[in-house]
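Student: give me a model of this one.
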Amino acid sequence: MRKAMLLILAAGLVLAGCEDKPQFTPEEMAKLPLAKRDGLPEASGGFTLAVGDQTITAEEVVGPVFEKLAAAAQSADFEKFRSVAAPVIERELMERIVNALLYSRAKKDAGDKIDDELDKVTAAEVRRYVMDFGGDYAKAEQSLKQMGMDWGKFEQYKKRYILSQSYLAQKLPKDQPITYSEMMSAYNATKEQLYATPGVLQFLLIDLEPAKMRDIDANRPRHEQAMELIDGIVKRIKQGEDFEQLAKEYSKANKALTGGLWQKLAPDSLVAPYDVLAKKAATMKPGETAGPIEVEGHIFVMQLVEYQPNSVEPFEKVQNQVKARISFERMRQAIDKLNEELVQQASSADRERFVDFCVREIYRDANK
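Tutor: Residues are numbered from 1 along each chain as shown. Predicted structure coming up:
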C-alpha cells in the first residue's frame, strides 16, 4: 500500500513541476530526479549526449519545446533568442539526463528478468492509450507524432517511467508518524488560504443624501424633510410596493437605474459609509427590509437578498486533508533534496555545448 501511494504522489509531483509546458507527454511523466550519481561522461557527438549506458538525442530535447520557442525564434535576433531559449532547453535536458540515469540504476537493481514484465506492462499501456482515443489506432498514433514520438519511443518512455517510480519508492525515507500537534499547526497556518469559504452579500438599496436633495422647503431643516421622505418610503414598502421601483424613483446613488441592486460581493469588501450595511445584513433574513439607517450624510433603506458570512472549515472536518498535505510536503522535500544533490554533481561543459546546439537547431528550423 505504501509503495502504491508513493507512486501516485510521485506522479503528482511530476505534473506539478511541468506547469510551464504547453502539454504533457508520456516521457515528461517519467522525468523525476531520484538518486545521487557520478559526473556525466564526455559528449558523444553533436547530435547526442552519452549518459551512462543511455543516449540522449537533440531530437528528444528539441521536440517537446519547439512549438513553445518557435514564435520567439521568429521574432528575435539570435542572441536575444538564446537568452530566452537556453534556460528552457537546459531544464528539458536535465530532466532527460536524470531520467536516463535513473533508468540505468533502476534496471540494474531490478535485474535483467524485469524486461519480460516491463514488456507486458508496456503492451497494456499501449492498448490503454489507444482506448483513450476511442480505440482509433490512427488517431492515437497521430497524437504521438504531434509530440515528436512514435510507438517505439512511447514504449521506451513507459518502461523508464515504471522503473523510475519503482526506484523512487525504494529511495524515499520511511514514513514517519504525523502528530496531532503537527496537524493543528499546519491547519492554523493554512486555514485562511485553503479551508476558508468567502462570504456573500447581495441587497437592494435606497440611498438618500439630505445635503443633495432638491425641491425642498427652504424654511425647514433638510434632515427633517429627508427623514419624512424615508419614513414614507419605508411605509410604502411595508404596504407591498415594489422596492426596485421606489429605488429608481427616490435613490440618488449610481445604482438607482437598476433598482438599487448591489450584485453579489464579499461582505468585508464594502468601504465606508456602506460597510455598515454588511454589519446590518448579519442580523437580517433574506427578504427583510431595514431602515432608516443613518451614517455619514446618508440615509439608507436596505432589503436583503442574500447573506452568507465568511467561514472556515473546522479542523475535524478537514483533518484527513491536512494529514495528506503534510505527507505530500514531506515527499516533496525529500525529492527536492535528492534533486539538488543530483544537479550539483552534473558536468556542465558537455551540457552547455549540447544546449547551444539545440538552441541553434530550433532557431534555424523556425526560420526556414
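Student: show me where the chain has its helices.
Tutor: 2-16, 26-29, 58-75, 78-110, 114-131, 137-146, 151-171, 180-194, 222-238, 243-250, 275-281, 315-344, 348-366 (DSSP state H).
Student: between those, which gets nearest to residue 206?
Tutor: Minimum separation from residue 206 across the helices of the chain (CB to CB) falls at helix 243-250, 4.9 Å. C-beta: built from backbone N, CA, C; applies to glycine.
Student: elements contacting the closest one?
Tutor: Using 3 or more CB pairs under 8 Å, 6 or more residues apart in numbering; DSSP states H and E, the elements in contact with helix 243-250 are strand 200-208, helix 222-238.
Student: picking that back up, closest one to residue 216 among the helices of the chain?
Tutor: Each of the helices of the chain was scored for nearness to residue 216 using CB to CB, and the closest is helix 222-238 (5.1 Å).
Student: and the angle from the closest one to strand 200-208?
Tutor: On the basis of axes from the mean of the first three to the mean of the last three CA atoms, to 10 degrees, helix 222-238 is oriented at 130 degrees to strand 200-208.
Student: and helix 222-238, what's buried?
Tutor: Neighbour-count burial for helix 222-238 flags 226, 227, 229, 230, 233, 234, 237 (criterion: 16 or more other CB atoms under 10 Å).
Student: that one packs against which elements?
Tutor: Using 3+ CB pairs under 8 Å, 6+ apart: helix 222-238 touches strand 200-208, helix 243-250, strand 289-295, strand 298-308.
Student: name every strand pairing with the third one and say which way it goes.
Tutor: When you say that, I think you mean strand 289-295. strand 298-308 (antiparallel) (DSSP bridges).
Student: just to revisit the earlier point, now render the helices and strands packed on helix 243-250 as JSON lines, adding mean pLDDT and distance to residue 156.
Tutor: Output for the helices and strands packed on helix 243-250, formatted as JSON lines (pLDDT from 0 to 100; distance: least, CB to CB, whole Å):
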{"stretch": "strand 200-208", "mean pLDDT": "88", "distance to residue 156": "52"}
{"stretch": "helix 222-238", "mean pLDDT": "87", "distance to residue 156": "75"}
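Student: any chance of those in CSV, plus distance to residue 125?
Tutor: Output for those, formatted as CSV (distance: least, CB to CB, whole Å):
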stretch, distance to residue 125
strand 200-208, 46
helix 222-238, 68
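Student: for the stretch 151-300 of the chain, give me the ranges with low pLDDT.
Tutor: Within the stretch 151-300 of the chain, the stretches with pLDDT under 70 are 160, 164, 168, 171-175.
Student: closest to residue 366 out of the helices and strands packed on helix 222-238?
Tutor: Using CB to CB, the helices and strands packed on helix 222-238 put strand 200-208 closest to residue 366, at 49.2 Å.
Student: chain neighbours aside, what residue packs nearest to residue 195?
Tutor: Distances taken as CB to CB, 6 or more residues apart in numbering put residue 313 closest to residue 195, at 4.2 Å, once the chain neighbours are dropped.
Student: so that neighbour versus residue 180, what's the distance?
Tutor: 17 Å (CB to CB, to the nearest Å).
Student: higher neighbour count, the two?
Tutor: residue 313 (14 against 10; other CB atoms under 10 Å).
Student: surely the more buried one and residue 187 touch.
Tutor: No. With contact defined as CB atoms under 8 Å, residue 313 does not count as touching residue 187 (9.4 Å).
Student: overlap in contacts of these two?
Tutor: Residues touching both residue 313 and residue 187 by CB atoms under 8 Å, 6 or more residues apart in numbering: residue 195.
Student: so for residue 257, which of the helices of the chain sits nearest?
Tutor: The nearest among the helices of the chain, by CB to CB, is helix 243-250 at 6.6 Å.
Student: buried stuff in that closest one?
Tutor: Neighbour-count burial for helix 243-250 [16+ other CB under 10 Å]: 243, 244, 246, 247, 248, 250.
Student: who are the contact partners of the last one?
Tutor: The one in question is residue 250. With the criterion set at CB under 8 Å, 6+ apart, residue 250 makes contact with 206, 208, 229, 233.
Student: okay, and the beta partners of the first one?
Tutor: The reference is to residue 206. residue 301.
Student: count the neighbours of it for me.
Tutor: Residue 206 has 31 neighbours, counted by other CB under 10 Å.
Student: how about the second one?
Tutor: The criterion is other CB under 10 Å. On that basis, residue 208 has 23 neighbouring residues.
Student: which residues touch the closest residue to it other than its chain neighbours?
Tutor: Leaving aside its chain neighbours, residue 208 sits nearest to residue 299 (4.6 Å; criterion: CB to CB, 6+ apart). Counting by CB under 8 Å, 6+ apart, residue 299 touches 208, 209, 210, 226, 227, 230, 291, 292, 293.
Student: picking that back up, can you redo the buried residues of helix 243-250 as a markdown table with distance to residue 76?
Tutor: Listed next are these as a markdown table, based on distance: CB to CB, whole Å:
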| residue | distance to residue 76 |
| --- | --- |
| 243 | 60 |
| 244 | 56 |
| 246 | 62 |
| 247 | 56 |
| 248 | 56 |
| 250 | 61 |
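Student: in the stretch 1-150 of the chain, where is pLDDT below threshold?
Tutor: 1-46, 52, 112-113, 146-147.
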